[in-house]
Structures are given as structure tokens and as C-alpha cells.
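> Quick one, fold the following:
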Amino acid sequence: MFEALSDRLQGVFQRLRGKGRVNEEDVSEAMREVRLALLEADVNFKVVKDFVARVREKAIGTEVLESLSPAQQVVKIVNDELVELLGGEETRLNLSPSPPTVIMLCGLQGAGKTTLAGKLGALFKKQGRNPLLVACDIYRPAAVKQLQVLGSQIKVPVFASPPEEHKAPPIIARDAVRHAAANGNDIILLDTAGRLAIDEPLMRELSDMKSMLSQVSAQFPHEILLVVDAMVGQDAVNFANEFNENLALTGLVMTKMDGDTRGGAALSIRAVTGVPIKFLGVGEKLDALEQFYPDRLASRILGMGDILSLIEKAQDAIDEKQAADLEKKLRESKFDLNDFLSQLEQMKKLGPLENIMKMLPGVNSAMIDEFQSVDAQKVMERKKAIVQSMTLQERAHPEVINGSRRKRIAAGCGQTVQELNQFLSEFDQMRKMMRTMMGSQGENKKKFPWGGKGSTPPAGPGLLPPDGGGLRRPGPKMPKGGKRRRFPFGH
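Numbers count the residues shown, from 1 in each chain. A predicted model of the protein is given here:
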């Protein structure tokens, strides 16, 4: 998502940078391109009109046109306005200080409410909380069963009313609150029914559920989240307004953000409804849920990457103890194929490589397409298969792999001996490079113990001569005709 918009905007700013100096006509032309880019991305027309007007007003100011790098100033203005359009600052869930917290999920059919309930349950479980999933969708076939399957996967209990009791969803929600209070659940996630279109029975049922919950406690529900399929387009704005007028929404969750739609709904819905976006669904898996940060998304759209999110992903995926052990092995030149296999597993936890690339500054869709054409994921799997076909001794000491061993390993992983030879050669080169890098760091510390080449050595008695020149400590005078000792200071 956003690839087409991102490429278009980057092209506009690249032309501005090439001009050196920017005048009012250049800004106007750039704003026309920005306007077309946003409209093509299916952003609401009124939102586009207001956005372009604000950017243009700021971009033709004297301080921009007369600055040393006006193109960068224009990019900054667009970035700031884009952040503002997306909500300014991130908005987190309103969790009650006195449990339980009741979160109600609503939306159209097929938006991903049940899957989102599972994702939120997994997220809260990871945070050390005790969530409860509640099946309030009694109309869609197998909806209750789907939630129960998700609950079993993430080891979170599911509250569901027996079918023979024929309870209405508002009654189920009320009973779930009582069940949570009796069983110590501090988060209640209500998975409600959806419809193919906005209709009176749906809105009336949701309003009744809200009213019944507020009778139990005036604070219930703490959150009413509208789940929006990002692929719906501008129509999302219309039904979001309907839900907001009837239920007073507290937040939005955009799902299917990993799709190939143009992404206009995400840019429009916040501006039109005034309701903050709180999460982004970025995949099918139960851990594919991201906190929404307006500044980070704006940065991605403008091609400036999202390093903070990448760091957070790495922190979640990479084990600190393993990282410390790896560093120690690198310093001692003991990196072997077991460590290589471990690193492949760590990288896999970060998710698809193309998603990681999207977070890097300067990476456009053309680069990602070229990367995908190589199919790096399959290359990694083939290398993993090669290592897994080796014995523990062969992984620890690749040098023992002779001709007969190579034939056995190649047969075991379904590859040719030539491919195995190429892999071992690449691994050997990589290991030599690591050894050289770690060695050069150690030498640099020995030569420049005060912080590396080019840094200023510390002053102090015995370190520098009185005149401040030179780096050698003063030693004994050399006798006439004699030879200076190699280490005049004693070592």
C-alpha cells in the first residue's frame, strides 16, 4: 500500500531538488502534481483540496523561496501537513485503571473484526494481561467457532453463549462482563456482528449493547473501535461517519494495510471523521498488528523510511543473550554454520524481507520489485536447507567437509554439489570479512585508545609534553652515538 503515491511524491520532490532555486511557479506546479497524486490514491476530494491549499500557503512564503535549500523546505512542509492530516500524534487505547477494560469492535462484514479480536488478545497476553474474547456475532455461520479457534491458538479464553439459549448479543456482552469479573479477566474484547451495508437492525443492536454495558458501569465500554478495510476506498468515509454519529467512536483500526490498494481511505478517514487511527493490520498472522504512528507513516509515504519501527521490530525479534553470544564469537573468530543458521531464524522473525525494505530510507517500489524478482526468501530457505543437512561436527567445522560429505549433503538438501560449493565459498568469504572487521576494530582501539582515528587524545599529566606537540610520552634521553630503545617508556 502507498507505493504508487510514494513514488509519485518522490518524483515531484526530486524535480524540485534538481532546480536549486525554487520560485512560486515551481511550487504551484509541484502542488498540482501532489494534488493529482493524492486523488489517484483515492483520497477524499475535500481532504485533498484543503491539504494542498495549506501546503501551498506555507510553501510560497519568503523564508522558503529565499532559503538555501527551498526544495527541502517544501518536503518538510508536506511531511508536517501529512502528519497533521493523519492525526498529529499517536493515540493509544484507553485502558481502565480499575479492571476490566471493555473494548467493543464493530464494522462491516469482512473487515476483519474477528481476526482483530485475536490479534488484540495476543497483544494483551504478551503484555502480561488476562484478556477475554467474547463471541457476540451469532449470525455469521461459524463466527463463534472461528473465535474459539483463534482463542486456542493464543491461549486466551473465549466466552460464548450456548446456541440453544438464543441470547441476543447485548445480553451476551452483559453476561461476559459478569463472567470476567468472576474469573479475573482485565480486558474484555467484544466481537460484534457485521453487515454488508449499513442498516437499522445493525446500528440498533450495537446501540442497545452500548446502553446495556453502560447500565453495568457508566464507564463501559471504554473503547468503541471501528474496523475499516483499507481496500474499501472512499466509501469507508461514508460508513465511518454513520457509525460515529450512532456510537460515538473512540478509535479506528485500518486492516489489510499490506494489500495493493491505493490507501486513500487511511488518509481521508481521520480528517473527515476526526476519530483517531489506533492500529494498523499488516498481515494475516496474529502478530501482524502495529501501533499507528502518524509521523512514521508520513515518513514512509515520502520515502524517508521508518527506522524507529524497524528498531522496535528487531528488539522484539532478536534475543539479547544470543546477540551478546554472537558478538563474543565474532570477536574470537568462532562464527560457524550453527551461528549462521541461528541468524537466518532471527531474520525470519522480522517478517518478509520486502516489508523490512519498505522501512529503509530511499527505497522505492522499483527497488522492492527488483528484490522480489530475485525471491530472496527462497534463497534463504535453500541456504537453511543446506546447513540443516549437515552433521553438528560439519556445522562447527566446515573445513572437514570433503568430497563424499559434499555429495551426501547435496543429496540431503536436494541441491547440486556445485550449489553447495558456492554456498561454502560464500560463507568462508563472509567469515573472513567478519574476522577482518572485528580485527580492524581491535587494532583501532589499540592505536587510538581515546576513541578511534581522528579523535582528540585526552590531555593530562604524563600523556602530552609541555608544549602540547606529539603523542609520545617523554622518555629517557638517547646517549650520543647510541641507539634509542624500541620502547623508551618501559613496555
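> mind listing the helices for the stretch 151-300 of the chain?
All helices of the stretch 151-300 of the chain, identified by DSSP state H, counting those that start in this stretch, fall at 169-183, 200-216, 235-247, 264-273, 294-301.
> quick one: which of those helices is nearest residue 27?
Judged by CB to CB, the one of the helices of the stretch 151-300 of the chain that comes nearest to residue 27 is helix 294-301, at 19.6 Å. In short, each C-beta sits where N, CA and C put it, glycine included.
> Check which helices and strands the closest one is in contact with.
helix 3-17, helix 70-85 (3 or more CB pairs under 8 Å, 6 or more residues apart in numbering; DSSP states H and E).
> For the shortest one, buried residues please.
When burial is assessed from 16 or more other CB atoms under 10 Å, helix 3-17 yields the following buried residues: 3-6, 8-10, 12-13, 16.
> who are the neighbours of the very next helix or strand once past it, in terms of helices and strands?
Under the assignment DSSP states H and E, the closest C-terminal helix or strand after helix 3-17 is helix 24-40. The contact analysis (3+ CB pairs under 8 Å, 6+ apart) places helix 24-40 against helix 3-17, helix 45-59, helix 70-85.
> Could you tell me how many residues sit around residue 378?
Using other CB atoms under 10 Å, residue 378 has 9 neighbouring residues.
> do residue 328 as well
For residue 328, the neighbour count with other CB under 10 Å is 10.
> quick one: it and residue 321, what's the gap?
Look at residue 328 and residue 321: by CB to CB, to the nearest Å, they are 11 Å apart.
> again with residue 10
40 Å.
> Also residue 404?
From residue 404 to residue 321 the distance is 37 Å (CB to CB).
> can you check residue 70 too?
From residue 70 to residue 321 the distance is 50 Å (CB to CB).
> between those two, who's got more neighbours?
It is residue 70, of residue 70 and residue 321, that has more neighbours when counted by other CB under 10 Å, with 22 against 7.
> Does the more buried one touch residue 22 like I think?
Yes: with contact defined as CB atoms under 8 Å, residue 70 reaches residue 22; the gap is 3.9 Å.
> shaky segments in the stretch 151-300 of the chain?
Judged by pLDDT under 70, the stretch 151-300 of the chain has its weakly predicted residues at 197, 260-263.
> right, so the helices of the stretch 151-300 of the chain: which one is the most enclosed?
Neighbour counts averaged per stretch over the helices of the stretch 151-300 of the chain are highest for helix 264-273, at a mean of 24; criterion: mean count of other CB atoms under 10 Å.
> ok, and what's touching that one?
Outside helix 264-273, the residues that touch it by CB atoms under 8 Å, 6 or more residues apart in numbering are 1, 38, 41-44, 46-47, 50, 85-87, 228, 230, 232-234, 236-237, 240-241, 244, 249, 252, 254, 257, 275-277, 297.
> filter these to the buried ones?
For the contacts of helix 264-273, buried by 16+ other CB under 10 Å: 1, 38, 41-44, 47, 85-87, 228, 230, 232-234, 236-237, 240-241, 244, 249, 252, 254, 257, 275-277, 297.
> What residues does residue 280 make contact with?
Per CB under 8 Å, 6+ apart, neighbours of residue 280: 253-255, 257, 289-290, 292, 297.
> redo that, cut-off 10 Å
1, 230, 252-258, 266, 288-293, 297 (CB atoms under 10 Å, 6 or more residues apart in numbering).
> Count the neighbours of residue 142 for me.
With other CB under 10 Å as criterion, residue 142 counts 10.
> who are the neighbours in contact with it?
Contacts for residue 142 (CB under 10 Å, 6+ apart) come out as 148-149.
> cool, and residue 250?
91, 93-94, 103-104, 221-226, 244, 275-276, 278.
> If we use 8 Å, what do you get?
94, 222-225, 275.
> ok, it to residue 36 distance?
Taking CB to CB, one finds residue 250 at 35 Å from residue 36.
> now residue 284
33 Å.
> Just want to know which of these two has more residues nearby.
Neighbour tally, residue 284 and residue 36, criterion other CB under 10 Å: the higher count belongs to residue 36, 13 against 10.
> what sits against the nearest residue to that one once chain neighbours are set aside?
With CB to CB, 6 or more residues apart in numbering as the criterion, residue 36 has its nearest non-adjacent residue at 7.7 Å, and that residue is residue 8. Shown in contact with residue 8 (CB under 8 Å, 6+ apart): 33, 36-37, 40.
> Drop the exposed ones from these and show what's left.
Among the contacts of residue 8, those classed as buried by neighbour count (16+ other CB under 10 Å) are 33, 37.
> low pLDDT regions in the stretch 1-150 of the chain?
Short version for the stretch 1-150 of the chain, where the test is pLDDT under 70: 1-2, 18-21, 62-68.
> In stretch 335-354, which residues are buried?
Neighbour counts using 16+ other CB under 10 Å place 335-337, 339-341, 346, 350-351, 353 of stretch 335-354 among the buried residues.
> Pull the most distant pair out of these.
336 and 351 (26.4 Å).
> my read: residue 251 touches residue 93, true?
Yes: under the criterion of CB under 8 Å, residue 251 makes contact with residue 93 at 7.3 Å.
> which residues are in contact with both of these two?
With CB under 8 Å, 6+ apart as the test, residue 251 and residue 93 both reach 223, 278.
> Backbone dihedrals for residue 131, both of them.
For residue 131, the backbone dihedrals (degrees, to the nearest 10) come out as phi -80, psi 160.
> surely it meets residue 117?
No: applying CB under 8 Å, one finds residue 131 not in contact with residue 117, separated by 9.2 Å.
> And for residue 187, nearest residue in space, chain neighbours not counted?
Spatial nearest neighbour of residue 187, excluding adjacent residues (CB to CB, 6+ apart): residue 131 at 4.0 Å.
> picking that back up, out of the contacts of residue 250, grab the one that's most surrounded.
residue 225 (25 neighbours).
> Distance to residue 185 for the buried residues of helix 3-17 - can I get that in CSV?
Output for these, formatted as CSV (distance: CB to CB, whole Å):
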residue, distance to residue 185
3, 41
4, 44
5, 42
6, 42
8, 47
9, 45
10, 47
12, 51
13, 50
16, 55
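> what's near enough to touch the residue lying closest to residue 242 once chain neighbours are set aside?
Among residues not flanking residue 242 along the chain, residue 198 sits closest, at 5.0 Å (CB to CB, 6+ apart). Residues in contact with residue 198 (CB under 8 Å, 6+ apart) are 108, 239, 242-243.
> if we can go back for a sec, got the helices and strands packed on helix 24-40 as a markdown table, with distance to residue 167 columns?
As requested, the helices and strands packed on helix 24-40 are exported to a markdown table (distance: least, CB to CB, whole Å):
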| stretch | distance to residue 167 |
| --- | --- |
| helix 3-17 | 46 |
| helix 45-59 | 42 |
| helix 70-85 | 43 |
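> all strands in the stretch 301-450 of the chain, in order from the N-terminus.
With strands called from DSSP state E, counting those that start in this stretch, the stretch 301-450 of the chain shows none.
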